[in-house]
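J.: sequence below, structure please.
(2 chains)
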Number of protein chains: 2
Amino acid sequence: LSSEQDNRDFVVAVDIGGTKILACLVDGNNRMVDEHRFLTGTHRGPRAIVENTVAVVRDMVEKNEVPRSRLLGVGVASAGPCDSVEGAVINGPNLGWQNVPVARWMADALDVPVCLGNDANLAALGEQRYGAGTGVENMVYVTVSTGIGGGIITDGHLHSGGSGLSGEIGHITVQAGGPLCTCGRRGCLQSLCAGPALARNVQERLAQGGSSLSMFQPLQLLELAKSRPEEITPHLVFEAAGRGDALSLAVLREGARNLGIGLTTLAILLDPEMIVVGGGLAVRWDQYIAHAVDFVKANTYPRSMQDISIVPASLGDRAGIVGAAAFARDRFGRDAA
Amino acid sequence: LSSEQDNRDFVVAVDIGGTKILACLVDGNNRMVDEHRFLTGTHRGPRAIVENTVAVVRDMVEKNEVPRSRLLGVGVASAGPCDSVEGAVINGPNLGWQNVPVARWMADALDVPVCLGNDANLAALGEQRYGAGTGVENMVYVTVSTGIGGGIITDGHLHSGGSGLSGEIGHITVQAGGPLCTCGRRGCLQSLCAGPALARNVQERLAQGGSSLSMFQPLQLLELAKSRPEEITPHLVFEAAGRGDALSLAVLREGARNLGIGLTTLAILLDPEMIVVGGGLAVRWDQYIAHAVDFVKANTYPRSMQDISIVPASLGDRAGIVGAAAFARDRFGRDAA
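T.: Numbering: from 1, shown residues only, chains lettered A, B, ... in the order given. Next comes the predicted model:
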């Protein structure tokens, strides 16, 4: 009977990104019964954005005739470091937010419980519940894209840490005194192997007179480098490498090696059964991630850890919203501790 | 009634080191009612050493007239990476052991359950239950000595990882391509800031003509460097630094900075409420560890993590045996899951 009741309970999941916000109504069988995507409009500031989100959630619940008693709560995934204990966005670089208590604002307006976590943290939970790491008790999720983030699953649970800030994988130091990171510190994993780092490294080597582009036909990268170096994108670096451009290949190799160092640190510290890699650059598996995996396999310690499984994420950009729904159900479900 | 029964239950805790083995009989109030310390004798090989340990444990239980029904089991802490799931020492550099199934051998001989974990992992548990981190839910313990090791406590439990190898803190990469480590890899935290690294760095700088020793009176370090550089010990580096030797001070500053990088990575990944630092070099708090702490405070991200507490361990070299007893009671106690 208790599980029958559970199946009738809904949650709302929200994913707040720098460009768009996605809100989903999720039923007890984890089906997305309704979803609404709208522009964030960061210029309007956090208060107006949260109010807009509240209105969308309220409409969605009403339109679908979900009785108040069957709505367990709302789970929110947000970009940037988040305090998942307080439900606040600590520092949203893409949002321009500082210490915004999103969960409290939403809970006050909606009169339902609201929890909030970092989007990569919740993507970890999503992949562990319904994605590439389904049922894996000890797992780390790493997203490699414009930034690097992730989340840590220990003994089947999302590890939140003492102040709800756990899992800032992109900001572990891999190269002391290395390149400046968006966080203001140097040598972070993110500053060495996220997409922008790859483009910047190509730009810098070209500026230093890197000449290996002669092997690259039709010299698109070289032409760009001469006329508009600022337009060299991570995508172009991969394209050039795919056509044999030696400089782009060298930059990818170096980036993959640094990514491998970061993943090795995760493996050695946490001994996960699986590392799941998602984000925009995970689709470049053979060109990029695979070389990082090779590095991990050759460098874990002790050697018996070599059989660690490192696999692509399977939920794509839905991982965050799926995780937000799971997070809300874990926190507010009738079986919650 | 159940807790009264628990109070009457004993465990035996064993700490296997490269030089000595300590066995303790611990009652239900966590009192050490008997203990026996004996030489390991690594030359005799693992089978004989385990047999000897079994004999000591058996004698201790008999001598103290502990009825078989009141002995919950044995908890063993061992040097080197250990598979705490299988209860095997994977790689004991100081013991010369490879894949030795200590727990199974002892359990077969004693006919009681036996569990085994890495000594630094179990020291983490000891400090969290009865030491500097008592009651702290998310804690990391780091021991800085001849090597660097540690253990991770998440949500009040020792995190063992998928294959029981979690917490090899000494072997996270801090400086890619850095100095060779005892594990055969390069740039590990241990290779940069454990005791031997400090002595080696002084030796190397002297060999390169480092001349700052003129400020060091009575020139003991300089004399040693000329005649027997191999006799420069970590202890001597600290003594020299204490007398104002600029080269030793510089080496300690650099080591502390690297230790700070490693501790920052732990903080950023795991967001612990507390990091407890133990081991032989923790007594050099003001000269060494404090500078690493300053680095962490200045370099954690996000900034809200700055109030992390980093404190000295309080159980000294008893942390491992205290943790081994707690580990056995957690695993085999009547309240165990």
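J.: nearest residue to the residue most central in space within chain A in space, please, no chain neighbours.
T.: Of all residues in chain A, the one closest to the mean position by CA atoms, centre = their mean is A:A120, 3.3 Å from it. Spatial nearest neighbour of A:A120, excluding adjacent residues (CB to CB, 6 or more residues apart in numbering or on different chains): A:G149 at 3.1 Å. (Each C-beta comes from the backbone N, C-alpha and C, glycine too.)
J.: report the separation between the one you found and chain B.
T.: 11 Å (CB to the nearest CB, to the nearest Å).
J.: does that residue touch A:N118 like I think?
T.: Yes. Counting by CB atoms under 8 Å, A:G149 touches A:N118, with 6.8 Å between them.
J.: and stretch A:132-141, what's buried?
T.: For stretch A:132-141, the neighbour count (16 or more other CB atoms under 10 Å in any protein chain shown) marks A:A132, A:G133, A:V136, A:E137, A:N138, A:M139, A:V140, A:Y141 as buried.
J.: got the contact list for the helix or strand in which A:H291 is found?
T.: In this assignment (DSSP states H and E), A:H291 forms part of helix A:290-299. With contacts defined as CB atoms under 8 Å, 6 or more residues apart in numbering or on different chains, helix A:290-299 is touched by A:193, A:252-253, A:256-257, A:259-261, A:263-264, A:267, A:275, A:306, A:308, A:310, B:173, B:185.
J.: what residues sit buried inside that helix?
T.: Under the neighbour-count criterion of 16+ other CB under 10 Å, helix A:290-299 has A:H291, A:A292, A:V293, A:F295, A:V296, A:K297, A:N299 buried.
J.: run the contact check for the longest helix seen in chain A versus chain B.
T.: In chain A, taking DSSP state H as the definition, the longest helix is helix A:246-270. Yes. Interface with chain B: helix A:246-270 contributes A:R257, A:N258, A:I261, A:T264, A:T265, A:L266, A:I268, A:L269, A:L270 (CB under 8 Å from any CB of the partner chain).
J.: how about the residues of the stretch 151-300 of chain A near chain B?
T.: Residues of the stretch 151-300 of chain A lying near chain B (CB under 8 Å from any CB): A:152, A:154-155, A:157, A:159-169, A:171-176, A:183, A:185, A:188, A:257-258, A:261, A:264-266, A:268-274, A:299.
J.: now list the buried members of those.
T.: Using 16+ other CB under 10 Å as the burial test, these include A:152, A:154, A:159-169, A:171-176, A:183, A:185, A:188, A:257-258, A:261, A:264-266, A:268-274, A:299 as buried.
J.: point me to the residue of the stretch 101-250 of chain A nearest chain B.
T.: A:G161 (2.5 Å; CB to the nearest CB).
J.: got a list of what the nearest residue to A:A103 once chain neighbours are set aside touches?
T.: Nearest non-adjacent residue to A:A103, counting by CB to CB, 6+ apart: A:G87, 2.5 Å away. By CB under 8 Å, 6+ apart, the contact set of A:G87 is A:V76, A:P101, A:V102, A:A103, A:R104, A:A107, A:V114, A:C115, A:L116.
J.: list the contacts of the fourth one.
T.: When you say that, I think you mean A:A103. Neighbouring residues of A:A103 by CB under 8 Å, 6+ apart: A:V76, A:E86, A:G87, A:A88, A:V114, A:C115, A:L116.
J.: do that again at 7 Å, thanks
T.: Going by CB atoms under 7 Å, 6 or more residues apart in numbering or on different chains, A:A103 touches A:V76, A:G87, A:A88, A:V114, A:C115, A:L116.
J.: in chain A, which spans are strands?
T.: A:10-16, A:20-26, A:32-39, A:71-78, A:82-83, A:88-92, A:97-100, A:114-118, A:139-144, A:148-154, A:157-158, A:274-278, A:309-312 (DSSP state E).
J.: in JSON lines, list the ones you listed along with mean pLDDT.
T.: Listed next are the strands of chain A as JSON lines, based on pLDDT from 0 to 100:
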{"stretch": "strand A:10-16", "mean pLDDT": "97"}
{"stretch": "strand A:20-26", "mean pLDDT": "97"}
{"stretch": "strand A:32-39", "mean pLDDT": "95"}
{"stretch": "strand A:71-78", "mean pLDDT": "97"}
{"stretch": "strand A:82-83", "mean pLDDT": "92"}
{"stretch": "strand A:88-92", "mean pLDDT": "88"}
{"stretch": "strand A:97-100", "mean pLDDT": "92"}
{"stretch": "strand A:114-118", "mean pLDDT": "97"}
{"stretch": "strand A:139-144", "mean pLDDT": "98"}
{"stretch": "strand A:148-154", "mean pLDDT": "96"}
{"stretch": "strand A:157-158", "mean pLDDT": "93"}
{"stretch": "strand A:274-278", "mean pLDDT": "98"}
{"stretch": "strand A:309-312", "mean pLDDT": "98"}
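J.: which one of those strands lies closest to A:I321?
T.: A:I321 lies closest to strand A:10-16 among those, at 4.6 Å (CB to CB).
J.: which elements pack onto that closest one?
T.: strand A:20-26, helix A:45-63, strand A:71-78, helix A:319-332 (3 or more CB pairs under 7 Å, 6 or more residues apart in numbering or on different chains; DSSP states H and E).
J.: columns distance to B:I16 on top of those, output as CSV?
T.: As requested, these are exported to CSV (distance: least, CB to CB, whole Å):
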stretch, distance to B:I16
strand A:20-26, 51
helix A:45-63, 56
strand A:71-78, 46
helix A:319-332, 40
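J.: so can I have JSON lines of those showing mean neighbour count and distance to chain B?
T.: Shown next, in JSON lines, are the helices and strands packed on strand A:10-16 (neighbours: other CB atoms under 10 Å in any protein chain shown; distance: least, CB to the nearest CB, whole Å):
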{"stretch": "strand A:20-26", "mean neighbour count": "21", "distance to chain B": "22"}
{"stretch": "helix A:45-63", "mean neighbour count": "17", "distance to chain B": "17"}
{"stretch": "strand A:71-78", "mean neighbour count": "27", "distance to chain B": "13"}
{"stretch": "helix A:319-332", "mean neighbour count": "26", "distance to chain B": "14"}
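J.: still on that earlier bit, drop anything exposed from the contacts of helix A:290-299.
T.: Buried among the contacts of helix A:290-299 (16+ other CB under 10 Å): A:193, A:252, A:256-257, A:259-261, A:263-264, A:267, A:275, A:308, A:310, B:173, B:185.
J.: tell me the one of the residues you listed nearest B:H43?
T.: When those are compared for distance to B:H43 (CB to CB), B:R185 wins out at 27.9 Å.
J.: mind pulling up the pLDDT for the closest one?
T.: pLDDT recorded at B:R185 is 91.
J.: quick one: contacts for it?
T.: Shown in contact with B:R185 (CB under 7 Å, 6+ apart): A:N299, A:Y301, B:H171.
J.: quick one: the last one from A:Q203, how far?
T.: Just to be clear, that refers to B:H171. According to CB to CB, to the nearest Å, B:H171 stands 34 Å off from A:Q203.
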